[in-house]
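Visitor: Quick check, what structure comes out for this input:
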Amino acid sequence: MPAPIDTLVTVFGGSGFLGRHVVRALAKRDYRIRVGVRRPELAGHLQPLGKVGQIHAVQSNLRYPDSVRAAARGASVVVNLCGILSSSGAQTFDAVQNKGAETVAKAAAEIGARIVHVSAIGADADSKSRYARSKAAGEKAVRAVDHNAIVMRPSVVFGPEDQFTNRFAALARMSPALPLIGGDTKMQPVFVGDVATAVADSVDGKATAGATYELGGPEVMTMREIMQVILDVTERHRLLLPLPFGVANLQAMLLQFAPGDFKLTPDQVELLRADNVVSDKAKFANLTLEGLGITPDSLEAVAPSYLWRFRKTGQFAHKGI
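Guide: Numbers count the residues shown, from 1 in each chain. Got it, this is the predicted structure:
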């Protein structure tokens, strides 16, 4: 493989939460990066992550194959990070995470580029969740195009711009009680920086071709334990109110139309029914962060570095005062 400075990597979905960290990781390794996004004019925040001219955003929409092929042209490696947490208009789970993934894979195959596809541990063709089914369908579609594609399946990802820990921290600032859905459901929160490093390592050629990696943090935690860490870090004392799945689903029927942090969809409730942890199969095959030589950071270690803004006195808060 050519030296990084001579290698072009196209990253689809590079302006999102995980995307900006992947772009940063690739930029530090001196790759030239083309970022395929629907709205290039809103991707200006990526420019400071690299050197002058190193990162270039171009218009690309997974629903339009010609735009995807144009964004992939000349790339040695194509990374697909595109994913959504809820459907909206033409941006459906199937369009983005299934057919969109296939479109990216075909564009990469046409030019002989390697493919790194980011999915999710929850991907399951038999799940009742449309999100999980579309993720599984996307993996299958990518593999049908290129059996050497590398698939990365992270657990729930946390970090400065996430829609997970930040969301609950924001709600705790406004409400005396927080709804606890799936309190005993197990997750393995993984730091976004560690996932980005794994993706960059795959671009470097350190990952096994055709393998599916499962990326989880150092600890398996219940949803209740995760919520408690968020409350401890933000120094908020809130009641965690267990919500049966039936009641949560009824609430989600209404909250799916709510804005911002209050949004909750029935599909998201369905996802909370199943554990989201690295499988024993992946551990045995060494297809994990540790298998790539990455020591994952814990939620408790990283969360204080960005959730401090939700404390009553922000970064100047002192416990016991």
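Visitor: helix or strand for residue 35, which one?
Guide: strand 32-37 (DSSP states H and E).
Visitor: same deal with residue 71?
Guide: Using DSSP H and E, residue 71 maps to helix 65-72.
Visitor: just checking, what packs against the helix or strand that that helix is followed by?
Guide: Note on helix 65-72: by DSSP H and E, the next helix or strand toward the C-terminus is strand 77-80. Strand 77-80 sits against strand 8-12, helix 100-110, strand 114-118, helix 192-204, with contacts defined as 3 or more C-beta pairs under 8 Å, 6 or more residues apart in numbering; DSSP states H and E. For the C-beta atoms, the positions are set from N, CA and C on the backbone; glycine is no exception.
Visitor: These into a markdown table, with extra columns for mean pLDDT?
Guide: Shown next, in a markdown table, are the helices and strands packed on strand 77-80 (pLDDT from 0 to 100):
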| stretch | mean pLDDT |
| --- | --- |
| strand 8-12 | 98 |
| helix 100-110 | 98 |
| strand 114-118 | 98 |
| helix 192-204 | 98 |
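Visitor: okay if I get those as a markdown table plus mean neighbour count and distance to residue 133?
Guide: Below are the helices and strands packed on strand 77-80 laid out as a markdown table (neighbours: other C-beta atoms under 10 Å; distance: least, C-beta to C-beta, whole Å):
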| stretch | mean neighbour count | distance to residue 133 |
| --- | --- | --- |
| strand 8-12 | 27 | 21 |
| helix 100-110 | 24 | 13 |
| strand 114-118 | 26 | 16 |
| helix 192-204 | 23 | 22 |
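Visitor: can you list those in a markdown table and add distance to residue 39?
Guide: Conversion of the helices and strands packed on strand 77-80 to a markdown table gives the following (distance: least, C-beta to C-beta, whole Å):
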| stretch | distance to residue 39 |
| --- | --- |
| strand 8-12 | 13 |
| helix 100-110 | 16 |
| strand 114-118 | 20 |
| helix 192-204 | 21 |
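Visitor: in this structure, which helix has the most residues?
Guide: helix 130-145 (DSSP state H).
Visitor: mean confidence score for that one?
Guide: Per-residue pLDDT over helix 130-145 has a mean of 98.
Visitor: so what secondary structure elements neighbour it?
Guide: helix 93, helix 100-110, strand 114-118, strand 150-154, helix 266-271.
Visitor: Columns distance to residue 298 on top of these, output as a markdown table?
Guide: Shown next, in a markdown table, are the helices and strands packed on helix 130-145 (distance: least, C-beta to C-beta, whole Å):
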| stretch | distance to residue 298 |
| --- | --- |
| helix 93 | 30 |
| helix 100-110 | 30 |
| strand 114-118 | 21 |
| strand 150-154 | 15 |
| helix 266-271 | 22 |
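Visitor: Secondary structure of residue 98: a helix, I assume?
Guide: Yes - applying DSSP: H, G, I helix; E, B strand; the rest coil, one finds residue 98 inside a helix.
Visitor: thinking it is in contact with residue 141, fair?
Guide: Yes - the criterion here is C-beta atoms under 8 Å, and residue 98 meets it with residue 141 at 6.2 Å.
Visitor: before we move on, back to that, select, out of the helices and strands packed on strand 77-80, the one closest to residue 60.
Guide: With C-beta to C-beta as the measure, strand 8-12 is the member of those nearest residue 60 (6.6 Å).
Visitor: can you list contacts of the helix or strand where residue 248 lies?
Guide: Assigned by DSSP H and E, residue 248 belongs to helix 245-255. Here helix 245-255 makes contact (C-beta atoms under 8 Å, 6 or more residues apart in numbering) with 179, 181-182, 243, 262-266, 268-270, 272-273.
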